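Engineer: here you go, sequence then predicted model.
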Number of protein chains: 2
Amino acid sequence: MYAVKAMPRPRSLTPAQLAAAALAVVDRDGLAGLTMRAVGKELGTSTMALYRYVADREELEGLVVELVLDRVDSTPPADLPWPERLRVLVERVRAATGAHPAVVPLFPAHRHRSPGVLRWSEAVLGVLTEAGFDGTRRVIALRGLLSYVIGAIQLEHLGPLSGSGTVTMAQLPRTDFPLMAETAQAARQVGPDEEFGGGLDVLLRGLVAHSDRD
Amino acid sequence: MYAVKAMPRPRSLTPAQLAAAALAVVDRDGLAGLTMRAVGKELGTSTMALYRYVADREELEGLVVELVLDRVDSTPPADLPWPERLRVLVERVRAATGAHPAVVPLFPAHRHRSPGVLRWSEAVLGVLTEAGFDGTRRVIALRGLLSYVIGAIQLEHLGPLSGSGTVTMAQLPRTDFPLMAETAQAARQVGPDEEFGGGLDVLLRGLVAHSDRD
DNA sequence: CGTTGTAGGCGTACACCGTACTCTTACAAC
DNA sequence: GTTGTAAGAGTACGGTGTACGCCTACAACG
């Protein structure tokens, strides 16, 4: 065999275009609007053409998650004490996902395949290593930060302690849930930034304590 | 009008039966198997009969979440320092959801309507109040604990740092992600209990620090 | 004890989903 | 121009949630 006999028709779409179209659909119609048919229409192609680029719907979702997460800058900030550097890295994830809140529910299921998350995790591990973490403690620190960022972002976008949910919570029967009603009242004046940042503060303080002793 | 003219046929199902049947389906066939038809079959009734008890599928999901979360014991444990009491409360949530891992993805979307979660939150707030937290700090402490427990449970059940995902992570290109590969190696010997408990430790230490100063 | 009003439960039907399969089409290499 | 190949389109199928209308069982009445 000297040469290939023929080259077929070239692809007319890039994976990036596909992901962008899917993200546009999600941003416009919400996560429930993300269907193969809708993305096909968005691109001006047939529904089935998408399957030349993607094995199934789940992989399409993965592309969307990746597109959002790739925008996270994972170069660790310099000239700061290490807890502050971690804070910056975590806040960047929050900022990137906050721009597309509808994709947040996809985050947990697809996170582990995204190169963007891997780069981010590598950066976090770098900072932790410089701070003296290693072995089990470093694993736990990374897991803790990841857990917090995932949980807090989900709470922020579909939780009751921020946004409209706070109102419903404040109307709870005060006899059954006196502290909840009182807390909801206080929560209304906190604001999502302070809420997220405050929780992160607590976690970082814990990490500082964790690195000092033992 | 002295009396009602007629009383109709009584209901043949209780909401609890409905929830139990739905949970049985989820435990057996996974979350994807939770369909109105499947639950109808599980109960020996028609599909549409379910709509006499529930407005739509989402409400059915809510019942499942509630059933799982109602099993969390929210009586705060006594005779312990407050961080330990918080730890017990958090671990109880993990234990309850761990018994039905397939419902974990439903957790974030339905959490805020579950009375079980409200009771649990009230108990957490009680412990925090005794520890001297109030106002904004108490809000942030509760949110931080909730964020961690939600995020960590999701990571545990569909994440890469535990279970099979660790294997894939250890096979990452070491040149691009040296720390991730190394960490995955270490993570394999940690175990989910230690991982969850360790992260919780960090958070609780942060809360202690948070309560001491300022 | 029959009659009757009411709500419970059932069956059908529809719109929509993901996607398997088949056929046509456009293009690069000869 | 011919041709081999993969790209893209069209059709079709089994599944989903659920709107709608029908029949039915039962508690309250005369």
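Structural biologist: Yes, it's here.

Engineer: outline the domain layout of chain A.
Structural biologist: When chain A is parsed into structural domains using automatic domain parsing, the resulting residue ranges are A:15-54, A:82-212.

Engineer: tell me the mean pLDDT over the first one?
Structural biologist: Mean pLDDT, taken over the full extent of domain A:15-54, equals 98.

Engineer: show me where chain A has helices.
Structural biologist: Taking DSSP state H, the helices of chain A run over residues A:15-29, A:36-43, A:57-69, A:82-98, A:107-110, A:115-130, A:135-158, A:164-170, A:178-187, A:192-212.

Engineer: any chance of a markdown table for these, columns distance to chain B and mean neighbour count?
Structural biologist: C-beta: built from backbone N, CA, C; applies to glycine. As requested, these are arranged in a markdown table below (distance: least, CB to the nearest CB, whole Å; neighbours: other CB atoms under 10 Å in any protein chain shown):
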| stretch | distance to chain B | mean neighbour count |
| --- | --- | --- |
| helix A:15-29 | 16 | 18 |
| helix A:36-43 | 17 | 18 |
| helix A:57-69 | 11 | 20 |
| helix A:82-98 | 11 | 19 |
| helix A:107-110 | 5 | 20 |
| helix A:115-130 | 4 | 20 |
| helix A:135-158 | 3 | 23 |
| helix A:164-170 | 6 | 15 |
| helix A:178-187 | 4 | 20 |
| helix A:192-212 | 3 | 20 |
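
Engineer: looking at those, which is nearest to DNA strand D?
Structural biologist: Evaluated with CB to the nearest atom of the strand, the helices of chain A place helix A:36-43 nearest to DNA strand D, the distance being 6.9 Å.

Engineer: what's the closest one packed up against?
Structural biologist: Based on contacts counted as 3 or more CB pairs under 8 Å, 6 or more residues apart in numbering or on different chains; DSSP states H and E, the elements that helix A:36-43 packs against are helix A:15-29, helix A:57-69.

Engineer: how about JSON lines for these, with distance to B:A184 added?
Structural biologist: Conversion of the helices and strands packed on helix A:36-43 to JSON lines gives the following (distance: least, CB to CB, whole Å):
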{"stretch": "helix A:15-29", "distance to B:A184": "27"}
{"stretch": "helix A:57-69", "distance to B:A184": "19"}
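
Engineer: JSON lines for these, including distance to DNA strand D?
Structural biologist: Supplementary listing: the helices and strands packed on helix A:36-43 in JSON lines, determined by distance: least, CB to the nearest atom of the strand, whole Å:
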{"stretch": "helix A:15-29", "distance to DNA strand D": "10"}
{"stretch": "helix A:57-69", "distance to DNA strand D": "12"}
